[in-house]
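Novice: Give me coordinates for this.
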Amino acid sequence: QVHVAESGGGLVQPGDSVRLSCQLSGRTIRGSAMAWFRQSPGKEQEFVAAIRESSGQKYYADSVKGRFTVSKDNAENMMYLQMNSLKPEDTATYYCATRSYWTVAYGTARNWPDWGQGTQVTVSP
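Specialist: As a prediction, the model looks like this:
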């Protein structure tokens, strides 16, 4: 059974950096498509970043491009989201998601079957 668990959130100030981690179990991350989504109160889940299982090609939402970096460690079965130059509008619960193969509709949350419980990131002065 596939299980994902996020960690690394917290309260930070604008301009700070945070790294989120996602531990995948039940399947190798080498063979898994992985993604980060986020959700703020009253808003729908928003795509943040994704990484393909075979090529490792990375995709980003325009709102985070140049500030966030997604990566994975195949040996540790971990995915990371390095978030730099954080802004108050980045405040959200961040979720890790996985699927067994890539989809062109990667930006749509309902296309990802397995999710973590989320980790809160709050960016505030």
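
Novice: Every contact and neighbour count from this point should use C-alpha atoms.
Specialist: Will do.

Novice: Tell me the spacing between residue 68 and residue 33.
Specialist: 18 Å (Cα to Cα, to the nearest Å).

Novice: what's the answer for residue 100, then?
Specialist: Using Cα to Cα, one obtains 6 Å as the distance from residue 100 to residue 33.

Novice: and residue 66, how many neighbours does it have?
Specialist: Residue 66 has 12 neighbouring residues, counting by other Cα atoms under 10 Å.

Novice: again with residue 123
Specialist: Residue 123: 20 surrounding residues under other Cα under 10 Å.

Novice: So it is in contact with residue 83, correct?
Specialist: No. Under the criterion of Cα atoms under 8 Å, residue 123 is not in contact with residue 83, lying 11.3 Å apart.

Novice: nearest residue to residue 41 other than its sequence neighbours?
Specialist: For residue 41, ignoring the flanking residues on the chain, the nearest one in space by Cα to Cα, 6 or more residues apart in numbering is residue 92 at 7.6 Å.

Novice: And residue 108, by the same measure?
Specialist: Sequence neighbours aside, residue 47 is the residue nearest to residue 108 in space, at 7.0 Å (criterion: Cα to Cα, 6+ apart).

Novice: what's the spacing between that neighbour and residue 9?
Specialist: Distance of residue 47 to residue 9, given as Cα to Cα: 17 Å.

Novice: what do you get for residue 91?
Specialist: From residue 91 over to residue 9 the distance is 10 Å, taken as Cα to Cα.

Novice: got it, and residue 76?
Specialist: Distance from residue 76 to residue 9, by Cα to Cα: 20 Å.

Novice: out of the two, which sits in the busier spot?
Specialist: Applying other Cα under 10 Å to residue 76 and residue 9 shows that residue 9 carries more neighbours, namely 18 against 11.
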